[in-house]
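1. Sequence and computational prediction follow.
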Amino acid sequence: RLFLFGIMVILLAIIAFGRNPTYLTAPNFYAEDGTVFAQTILDKGFLSALLTPFNGYFISGIYLLEGIGFILNAIFWGGGILNQPAALAVTSYLFWGAICALPALLFWHNTRRKNWLVVICITLALLPLPSFGYAVLGTVGNYKFAFLFIAFLLLLKRHTLPAGSRAFYAVDAMLAICAFTNATTYLLLPFAALRYWPGLKGFTKPFLALLTRNKSF
């Protein structure tokens, strides 16, 4: 599953590059990618940037992507600031690939028709972005909206996890990143409580006692 996910990320990232190659063929900082996000990391350091608000709300996931861009720059381009736009473009394409391949990673063991999961991932990669393709594919700043979609998939996955699964911790950690990137995620979080609904039995004392010992809750 992980091997397939990695291959799909690369292939779907190539599709993203083919849809909008400008940011890699003619790299330049776009909007806040360099003047705000990269500059904040350079001024404050990566860890402080993670909790630096932008227009009054956190965008921790965007700074994580920026950090990946700095790492790619250091590995493949020598870390020079002139090469940072190209590194951010590669990060953006890879993240698009990861978003589109995420259903296969999360639900591979939940369905017998795995070919349909692959079809869904490819369909997501080809999703039309009328008037906005240039502002998403190749940049990182506007990916804050994608974290709501990621949170939706994570909540679906959370609902299917067995009671004793350790995957709850990973899923909840990623949900926290989504919430600290796109505040709209908080509106989805109550749906995580559906698996704990007691139904007709109601909120009895034994049920509440059992709930407090439930690690996933």
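-> Thanks, I have it. Residues are numbered from 1 along each chain as shown.
2. Now do the buried residues in stretch 62-74.
-> Going by neighbour count (16 or more other Cβ atoms under 10 Å), the buried part of stretch 62-74 is Ile62, Tyr63, Leu64, Leu65, Glu66, Gly67, Ile68, Gly69, Phe70, Leu72, Asn73. For glycine as for every other residue, the C-beta is placed from the backbone atoms N, C-alpha and C.
3. ranges for the helices of this protein?
-> Assigned by DSSP state H, the helices in the chain fall at 2-19, 22-25, 32, 39-44, 46-50, 60-72, 84-107, 114-125, 146-160, 167-179, 205-212.
4. So which residues make contact with the fourth one?
-> Contacts to helix 39-44, defined as Cβ atoms under 8 Å, 6 or more residues apart in numbering, come from residues Ala49, Thr52, Tyr63, Glu66, Gly67, Phe70.
5. ok, for the fifth one, nearest residue in space, not its chain neighbours?
-> By that I understand Gly67. In this structure, Gly67 finds its nearest non-sequential neighbour in Phe46, 5.2 Å apart by Cβ to Cβ, 6 or more residues apart in numbering.
6. Next, the contact list for that neighbour, please.
-> By Cβ under 8 Å, 6+ apart, Phe46 lies in contact with Tyr63, Gly67, Phe70.
7. circling back to that earlier point, need the max-distance pair from the contacts of helix 39-44.
-> Thr52 and Phe70 (15.5 Å; Cβ to Cβ).
8. show me where pLDDT drops low in this protein?
-> Applying pLDDT under 70 to the chain picks out residues 199-200.
9. residues in contact with the nearest residue to Ala104 once chain neighbours are set aside?
-> Among residues not flanking Ala104 along the chain, Leu117 sits closest, at 4.7 Å (Cβ to Cβ, 6+ apart). Contacts for Leu117 (Cβ under 8 Å, 6+ apart) come out as Pro103, Ala104, Phe107, Trp108, Thr111.
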